[in-house]
Structure formats: C-alpha cells, structure tokens
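In: Okay, here's the prediction I keep looking at, along with the sequence it came from:
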Amino acid sequence: MGLADMISINGKFGTLQVAVVRLALLIMAVVIAPDSIRATTLIAQNLAQLSETAESAFVVLINDVTATTSETGSCDLVTGTVVNPVFGEVQTSQVISWKQLRLGRTTALPGMPRYQVGREYLIFLSGKGGKTGYQSPMGLGQGAFSIKRNPATGAALAQNAFNNRSLSAGLDIGAAASAMVATDTKARGLGPAAREAEAEKIKMRLQRGPQNSLDAIMGAAKFFHAQKRNGRTPSQDYRTSAPVQILR
C-alpha cells in the first residue's frame, strides 16, 4: 500500500503529483524525527484546479471526528451533514462520511485538515483510494474552508488553512468572471455595461482574501466543474504566466 493510493484521486493526480512526492518524503521525515516536523510543503492549487480534480464539493456541518484504526491503517473518520451541495453525488441533508489518513492513532498527518464538531466547512473532496478507501480534501488544507456566517445577514465567508493565498493564483480571474456572466442565464437580459459590472463584482469577491465570499467560491466552483464536464480545462483556459506557488 503506497501513499499515492492512500490519498488517491482516482489515479488523476494532475498538479498534485509533485505534492504527493513531497508529502511522501515528509512522512519519511516524520517517522525518523517526528519532533522536528511542523508543516507540510505543497504545490498551490487554485480554485479551478480544486474544482477540476475533486470528485465532489459541498458545505458540511461536522457531526463527529473519530481517530480509528482499520485494516489499511490509522485514519480519522469524519462524519457530517451536507448543508449545501456544490457538485458531485451529494444532496442537501445527506449524512456523509470519509476516512482521512493519519500517521497513527495519536499522530495526525501534517497538513491534513482538522475539523471542529458543530462548525461548517466547504470541502473539495477527492475520490476514494482504490485499496484503502481513504479520501482527503484536494490539496489537503487548500481544499477545506472553514465558514463564518454573519448572524444578522447570513452572509458567509470561507477561509482555508493557507488564508486563501492560492485561490486565484495563476488564474485570470477577470476573464473567468466574464465567462461566468456570459454563461449565466440570469444575466442574459443585461446590457454590456451591466455585464461588465457584474463580472467585476465576481472578480473582487474572489480576489479579496484572506477570507472570500462563500457564495462567490461556490459559484466559481460550479462554473469550473461544469466547464470540465463539457470537455474543457479551465485551469488551462484561464491560466496566466504567474509562476507556481509553493505553500508551507
């Protein structure tokens, strides 16, 4: 059983391939000198990449997190109730669970998201590993966003473990926002100026950081995932010449 299978995304590693290698080396270091390890080095994944590679995405209310041991090793069994599906085979009010890799019953995998019971998270979840059944948010902490809601307005902000630094990295958000408006049936009656204003609004909401509008992230994720289903590759279609980011 290899690490690649443990956090498999159905064999389609994409930009995670190098990160998996780095993570394997990190785990070796953890075994040798666990007290010296405090963080994981990952290749940044932007929102288009998260949406392309995740099997499903959803807002979930965490009900329970239990460290356990199975035939394939140690893991966290995460259970929650879906509050809002984004894409994939998930439905509102569905009770969902997944197994996240641990290094041992008392040792979490560095970089793997941790959750608080009773809190909401936006999760971009991988498919199950073929031999282990393990899953994880895409890009580990990059694909798990804690949610804070304004009690007065209900407006929600989402923030991942890296303060959303890579959310729009290497993406032409302006071009993507314009494409979102162009394909939105609700915007078909708008004139050119109104469409441009709407695209600018989307762009600003996705670039704000370190917390971004939950609605804006979910809307863009739905758009990018739909593009992939239609045979497109949005992470390439809206790619800029910016260098790849390394997150620590």
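Out: Perfect, I can see it now. What you see is a predicted model, and the numbers here were worked out from it, not measured in a lab.
In: Tell me the spacing between the spatially most central residue of the chain and residue 68.
Out: For the chain, residue 143 is the residue whose C-alpha lies nearest the centre (C-alpha atoms, centre = their mean; 2.1 Å). Remark: distance between residue 143 and residue 68 (C-beta to C-beta, to the nearest Å) = 22 Å. C-beta coordinates here come from the backbone N, C-alpha and C atoms, glycine included.
In: in the sheet, who's paired with the nearest residue to the residue nearest to the centre of the chain once chain neighbours are set aside?
Out: Nearest non-adjacent residue to residue 143, counting by C-beta to C-beta, 6 or more residues apart in numbering: residue 137, 3.3 Å away. Per DSSP bridges, the residues bridged to residue 137 are residue 125.
In: do the same with residue 147
Out: Beta bridges link residue 147 to residue 158 when assigned by DSSP bridges.
In: hang on, it packs against residue 120?
Out: Yes - judged on C-beta atoms under 8 Å, residue 147 makes contact with residue 120 at a distance of 4.2 Å.
In: picking that back up, surely the residue nearest to residue 143 meets residue 125?
Out: Yes - counting by C-beta under 8 Å, residue 137 does reach residue 125; the two are 6.1 Å apart.
In: neighbour-wise, which of those two wins?
Out: residue 137 (27 against 23; other C-beta atoms under 10 Å).
In: The residue of the chain most remote from its centre and residue 179: what is the separation?
Out: In the chain, residue 191 marks the outermost C-alpha relative to the chain mean, sitting 34.0 Å out by C-alpha atoms, centre = their mean. Residue 191 sits 18 Å away from residue 179, going by C-beta to C-beta.
In: Which strand or helix spans residue 68?
Out: Assigned by DSSP states H and E, residue 68 belongs to strand 56-70.
In: okay, now the closest residue to residue 74 other than its chain neighbours: neighbour count?
Out: Leaving aside its sequence neighbours, residue 74 sits nearest to residue 102 (C-beta to C-beta, 6+ apart; 4.1 Å). Number of residues near residue 102 (other C-beta under 10 Å) recorded here: 19.
In: what is the mean pLDDT for the helix or strand encompassing residue 102?
Out: Residue 102 is located in strand 95-104, with elements delineated by DSSP H and E. Strand 95-104 shows a mean pLDDT of 94.
In: ok and that strand relative to strand 56-70, angle-wise?
Out: Here the directions of strand 95-104 and strand 56-70 differ by 50 degrees (axes from the mean of the first three to the mean of the last three C-alpha atoms, to 10 degrees).
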